[in-house]
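Colleague: Fold the following, please.
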Amino acid sequence: MYRPLSKYLTFALCLVLFTVVFAACDSTEPDDEGPGDVELITRVVLTLTGGGQTVTATANDPDGDGTNFQIDTINLTAGTTYTGSFGIFDDINGEDITEEIREEAEEHQLFFTVGGGASGRVTVTITDQDDNGLPIGLNFTVAVSAGGAASGTLRVIQGHYDEGPKDGVTMSDETDFDITFPVNIQ
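Modeller: The predicted structure follows:
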């Protein structure tokens, strides 16, 4: 009887060891070799400075699912050029991920599209680059031409390049966020 008990004990110890080893492996952890998972983004803050004023517009998505952003209007002054930047946050985990995006610049790019009555009146120019000389979009200028009041939109999409290389022109199939800010020109 002693012999069968040791077989069971050996089997149980092997089973416990097997469980511990495989439980320690977490397949959801990002790969240190690559850019990692798509970012969890709950808040995007756009800040513009120019013409003696600072304009801030925030897009909030409290649960981070990317579907219910509460978006501020961007109020611009005609005939003004602004220096712009983005702050990108994961408020669920208490993280400012702007610097992480900058560190992984080869895997991220922001794309800007001006629409409505602001189209032709507002020009966005990206001023920061990754190590390959390709645009990032965390820093930019916004030039507003002279003229009367108008309204439109500024759509901002952050592409995330896990599958293919960033070329500075082509939008990635993966996006971290897609936000359309309302724009008023005064």
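Colleague: and the nearest residue to residue 123 once chain neighbours are set aside, what element?
Modeller: Using CB to CB, 6 or more residues apart in numbering and skipping residues adjacent in sequence, the residue nearest residue 123 is residue 143, 4.6 Å away. For the C-beta atoms, the positions are set from N, CA and C on the backbone; glycine is no exception. For residue 143, the host element (DSSP states H and E) is strand 139-144.
Colleague: hmm, back to that, next one: the residue nearest to residue 123 from residue 81, what distance?
Modeller: 5 Å (CB to CB, to the nearest Å).
Colleague: same deal with residue 138?
Modeller: 18 Å.
Colleague: More neighbours: those two, which one.
Modeller: Counted by other CB atoms under 10 Å, residue 138 and residue 81 do not tie: residue 138 has more neighbours, with 22 against 14.
Colleague: Now the residue nearest to the more buried one when sequence neighbours are not counted: which helix or strand?
Modeller: Ranked by CB to CB, 6+ apart and with sequence neighbours excluded, the top spatial neighbour of residue 138 is residue 86, at 5.2 Å. Using DSSP H and E, residue 86 sits in strand 81-90.
Colleague: neighbours around the spatially closest residue to residue 111 that is not a sequence neighbour, how many?
Modeller: Using CB to CB, 6+ apart and skipping the chain neighbours, the partner closest in space to residue 111 is residue 157 (4.7 Å). Using other CB under 10 Å, residue 157 has 18 other residues around it.
Colleague: Ok, residue 173 next?
Modeller: The burial count for residue 173: 11, using other CB under 10 Å.
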